[in-house]
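# Return a 3D structure for these sequence lines:
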Amino acid sequence: MPSSIESQTFIPVLLGGNLGAYSTARSFYEAYKVTSLVLCTMVTGPIDHSIFIDPVVEPKMMQPEVLINLLKDIDTRYPNKKKILLASSDNSVELIINHKELFPSDWIIPYVDKKIFYHATNKASFYDICEKEGVPYPKSLVISEYKEQLPFDFPIIIKPTNSMKYHSIDFPGKEKVYICETPAAYKKIIQDMKDNGYADEIILQEYIPGDDSLVGVATVYSSHDTGEVKVVAFGQTLLEDHTPSAIGNHLAILTRKEDQIVRDVTKLVKATGWTGFSNYDVKYDSRNQTYKFFELNARLGRSNYYVTAAGKNVAVYYVKDFIEHEFIDYSVADNQILYSAVPKKLLLDNIHSRETKNIVQQLYKAKEVFHPLASQDEPSIKRKLYVKIATLNYFKKFKTYPQPH
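Residues are numbered from 1 along each chain as shown. Below is the predicted model of the structure:
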């Protein structure tokens, strides 16, 4: 919608046409009534027929020189307007961080430098930081090749230390994260990763028992000039996607304040020198009643709309910090809302705690439930139909890939 962009004082430019990009664009629209340019390799369902997204399709946009030319074209089309460049996936964050000195000089690039980025997002060095800061994390072993004797029992978790490099390779049976039940399966997974071009270190980890309701997500914003934490938003994940290619994606989140999380993310932000948004995956270990930290993600998460829905609009932090240069008060999101991309029946059928089920039912009654794709501002019938079908499709997905018990 170029006509509305012409009248804007700033333009959000988002890389990638996924749910995370749609959610960020939605937050900008709700706060400032602006349209976002979304650079994508193709127009996908999450961003299609949206009133606040202007898609820019470029199949080769992940090539640095192609992206730089795209940004220069946007600069020429919309001169004298502030542009803020945001990523919606791990590989697009890495692309921005590695090439930001080549982008137009007056663009706002709200990301840390390479040194901080690689130190904080590499899982092996992240656990070193956790160890030094006294932040709980699962027992882990970093290996560069198959090792027969392990310091913990099966089942174990297997994952790459370098998510970005692993994302760029493909092979049959590839999963984002492996829950491995036997020594034979462990040996095969390591071999598959190595044989298909993943040469970095691999993390083996103790499995923390429990279903999806023990998983959590924390989103933090820290000021770009002082590094001070400005907001912490925590959510208990009630349901995750178990499709192999999407494993770990949050489908339903219940927001609340969690004091341990606030303390620990504040330590991690300070220890890493992180600024801007960071996102942390955690899981509650009922054996010692603590949340354990798995990783730091260098961007707003795919499910970032839970933060906006809880009353802390993510776009406002970027705009106040980088465009309006206003002081941002410290706050912790303590509104309880439900973020859910799945049908109500499917969600309730997958919640085993009677207390949590009651809270969810009360939030439905109070109309405090937010679907990340279903903005009330969207008039398109085609979009409404897509959202309905995408939501109902989770019945089929969970029949094929149910939540493990």
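
# So the closest residue to residue 146 other than its chain neighbours: helix, strand or coil?
Leaving aside its sequence neighbours, residue 146 sits nearest to residue 190 (C-beta to C-beta, 6 or more residues apart in numbering; 4.7 Å). C-beta: built from backbone N, CA, C; applies to glycine. Per DSSP: H, G, I helix; E, B strand; the rest coil, the secondary structure class of residue 190 is helix.

# Nearest to the spatial middle of the chain, which residue is it?
Centroid check for the chain by C-alpha atoms, centre = their mean gives residue 301 as the closest residue, at 1.7 Å.

# quick one: secondary structure of that one?
coil.

# For it, list the residues it contacts.
Residue 301 sits next to 20, 217, 219, 250, 279 when contact means C-beta atoms under 8 Å, 6 or more residues apart in numbering.

# Select from these every entry located in helices.
Among those, the residues falling in helices (DSSP state H) are residue 20.

# And for the nearest residue to residue 168 once chain neighbours are set aside, the neighbour number?
Among residues not flanking residue 168 along the chain, residue 91 sits closest, at 7.0 Å (C-beta to C-beta, 6+ apart). Around residue 91 there are 16 other residues, counting by other C-beta atoms under 10 Å.

# do the same with residue 172
So residue 172, with other C-beta under 10 Å, has 6 neighbours.

# same question, residue 288
Neighbours of residue 288 (other C-beta under 10 Å): 8.

# quick one, phi/psi of it?
For residue 288, the backbone dihedrals (degrees, to the nearest 10) come out as phi -130, psi 20.

# Repeat that for the one 4 residues further on.
Comment: the main-chain dihedrals of residue 292 come out as phi -110, psi 140, following degrees, to the nearest 10.

# now it, which residues is it bridged with?
residue 283 (DSSP bridges).

# Where does pLDDT dip in the stretch 251-400 of the chain?
The stretch 251-400 of the chain contains no residues with pLDDT under 70.

# And the strands in it, which stretches?
Remark: strands assigned in the stretch 251-400 of the chain by DSSP state E, counting those that start in this stretch are 276-285, 290-297, 331-332, 338-340, 369-370.

# and residue 3, what pLDDT?
The per-residue pLDDT reported for residue 3 equals 42.

# domains for the chain, by residue range?
2-109, 139-206, 212-400 (automatic domain parsing).

# can I get those in TSV with distance to residue 131?
Converted to TSV, the domains of the chain look like this (distance: least, C-beta to C-beta, whole Å):
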stretch	distance to residue 131
domain 2-109	24
domain 139-206	10
domain 212-400	11
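
# Tell me which of the ones you listed lies nearest to residue 124.
Taking C-beta to C-beta, domain 139-206 is the member of these nearest to residue 124, at 4.6 Å.

# Now do that closest one, average pLDDT.
For domain 139-206, the mean per-residue pLDDT is 91.

# got the end-to-end distance for it?
The first residue of domain 139-206 is 6 Å away from its last residue (C-alpha to C-alpha, to the nearest Å).

# can you pull out the strands in the stretch 101-250 of the chain?
Using DSSP E, counting those that start in this stretch, the strands of the stretch 101-250 of the chain run over 140-143, 156-160, 178-180, 202-206, 215-222, 229-240, 250-255.

# Reformat those strands into TSV and put mean neighbour count next to each item.
Shown next, in TSV, are these (neighbours: other C-beta atoms under 10 Å):
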stretch	mean neighbour count
strand 140-143	17
strand 156-160	20
strand 178-180	19
strand 202-206	22
strand 215-222	25
strand 229-240	24
strand 250-255	26
